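Engineer: quick one, structure for this:
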Amino acid sequence: MENILLFLIPMVLIKTLFMSSLLPKKRDLFIFGSICLLWIFTTHFFAIEQNKLVLERIIGSQNAITNLSIIVMLDLLLTLGFSQSLIKKMAGENRSWGAKIAAYVPCILFFPVLTYLQITLFFQLPGYNFVLLTTLFGISSFICIMGGSFLLRKIIPEAEVRIELVLLFSLLLFLLSICFMVFHPSILIYSYSQPVDWKDFILTLAVTITLGGIGLLWQLFYRKKKKRT
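Structural biologist: A predicted model of the protein is given here:
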């Protein structure tokens with residue numbers, strides 16, 4: 001599961017920066033950064049209570065992969081609403097109140113990622129003050145969100161291109177989560193070579209051919225009878 005997260009986390013972070021760069025006002029971006037900062041401080045006590053071995057066992061289970069796929073699917077649907085709302089706004093079309101709200105919905109995968117990174121930070125630096133680590137991590141996240149979003153606006157000023165990239169990252173996240181779920185070791189079926197039971201095979205084949213022939217003859221007989229009438 002940790003290898004899976006190495007693929008997913010960078011994509012979630014990049015997608016979040018692209019989505020935050022599409023927020024209409026600087027005030028909205030500041031509010032989003034503040035919400036992320038508040039989230040990090042809120043989950044501080046939850047993060048310090050986690051046990052590394054237990055956490056690894058939980059996130060490595062099949063249920064964790066399944067739940068992750070469901071969350072990614074939900075995030076994809078919300079991202080579609082987010083993108084559609086922005087496209088309608090740029091086209092000058094009227095939007096419902098639900099569509100207007102959808103334009104401010106962030107990437108919901110970003111918050112679990114923040115918590116996971118916070119827990120990982122505690123595991124990597126066990127001898128440091130956890131409150132200090134949380135404070136530094138929260139401030140760094142806030143600066144990265146603000147700075148990264150403004151930087152993306154400068155590098156890619158076209159909002160349409162950024163919307164397309166958001167949709168692309170969302171689709172890749174969805175496809176990767178499905179692939180990881182399908183090819184999870186607990187789902188793989190291992191087969192062993194066994195001798196072929198030719199007697200049962202021939203009997204099954206003969207019954208299948210016989211029933212197929214009866215059905216074909218019945219259809220031919222029924223059609224001829226129908227033509228005569």
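
Engineer: which residues sit in contact with the residue nearest to Ile48 when sequence neighbours are not counted?
Structural biologist: Once flanking residues are discounted, Ile48 sits nearest to Phe130: 5.1 Å by Cβ to Cβ, 6 or more residues apart in numbering. In this view, the C-beta of every residue, glycine as well, is placed from N, C-alpha and C. By Cβ atoms under 8 Å, 6 or more residues apart in numbering, Phe130 lies in contact with 44, 47-48, 122.

Engineer: which stretches of the chain aren't confidently modelled?
Structural biologist: Applying pLDDT under 70 to the chain flags residues 1-4, 60, 62, 180-198, 200-201, 205, 212, 215-216, 218-229.

Engineer: measure the residue nearest to the spatial centre of it to Leu5 for me?
Structural biologist: Among the residues of the chain, the one closest to the centroid is Val72, at 2.4 Å (Cα atoms, centre = their mean). For Val72, the distance to Leu5 equals 12 Å [Cβ to Cβ, to the nearest Å].

Engineer: sec struct for Pro106, please.
Structural biologist: Three-state assignment for Pro106 (DSSP: H, G, I helix; E, B strand; the rest coil): coil.

Engineer: how many neighbouring residues does it have?
Structural biologist: Around Pro106 sit 20 other residues, with neighbours defined as other Cβ atoms under 10 Å.

Engineer: was I right about it contacting Lys15?
Structural biologist: No - at 9.9 Å, Pro106 and Lys15 do not qualify as touching, with contact defined as Cβ atoms under 8 Å.

Engineer: what is the burial count for Ile14?
Structural biologist: Residues lying near Ile14 (other Cβ under 10 Å) number 16.

Engineer: work out for me the element it sits within.
Structural biologist: Under the criterion of DSSP states H and E, Ile14 resides in helix 2-21.

Engineer: go on, Thr135?
Structural biologist: helix 130-155.

Engineer: name the helices or strands packed onto the helix or strand following that helix?
Structural biologist: Downstream of helix 130-155, the first helix or strand assigned by DSSP H and E is helix 159-182. Helices and strands touching helix 159-182, by 3 or more Cβ pairs under 8 Å, 6 or more residues apart in numbering; DSSP states H and E, are helix 2-21, helix 62-91.

Engineer: ranking those helices by burial, who's on top?
Structural biologist: Of all these, helix 2-21 has the most neighbours on average by mean count of other Cβ atoms under 10 Å, namely a mean of 18.

Engineer: make CSV out of the helices and strands packed on helix 159-182 and add distance to Leu171.
Structural biologist: Shown next, in CSV, are those (distance: least, Cβ to Cβ, whole Å):
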stretch, distance to Leu171
helix 2-21, 10
helix 62-91, 7
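
Engineer: closest to Phe137 out of the ones you listed?
Structural biologist: Taking Cβ to Cβ, helix 2-21 is the member of those nearest to Phe137, at 13.7 Å.

Engineer: let's see that closest one as PDB, backbone CA atoms only.
Structural biologist: Extracted C-alpha coordinates of helix 2-21, given in PDB (Å, rounded to 0.1, in the frame of the first residue of the first chain):
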ATOM      1  CA  GLU A   2       2.900   2.400   0.700                       C
ATOM      2  CA  ASN A   3       4.100   1.900  -2.900                       C
ATOM      3  CA  ILE A   4       0.600   2.700  -4.100                       C
ATOM      4  CA  LEU A   5       0.600   5.900  -2.000                       C
ATOM      5  CA  LEU A   6       3.900   6.900  -3.600                       C
ATOM      6  CA  PHE A   7       2.000   7.100  -6.900                       C
ATOM      7  CA  LEU A   8      -1.200   8.700  -5.600                       C
ATOM      8  CA  ILE A   9       0.100  11.300  -3.200                       C
ATOM      9  CA  PRO A  10       2.100  13.400  -5.700                       C
ATOM     10  CA  MET A  11      -0.800  13.400  -8.200                       C
ATOM     11  CA  VAL A  12      -3.200  14.500  -5.400                       C
ATOM     12  CA  LEU A  13      -0.900  17.300  -4.400                       C
ATOM     13  CA  ILE A  14      -0.500  18.600  -8.000                       C
ATOM     14  CA  LYS A  15      -4.200  18.300  -8.700                       C
ATOM     15  CA  THR A  16      -5.000  20.200  -5.600                       C
ATOM     16  CA  LEU A  17      -2.700  23.100  -6.600                       C
ATOM     17  CA  PHE A  18      -4.300  23.200 -10.000                       C
ATOM     18  CA  MET A  19      -7.800  23.300  -8.500                       C
ATOM     19  CA  SER A  20      -6.800  26.000  -6.000                       C
ATOM     20  CA  SER A  21      -5.300  28.100  -8.800                       C
END
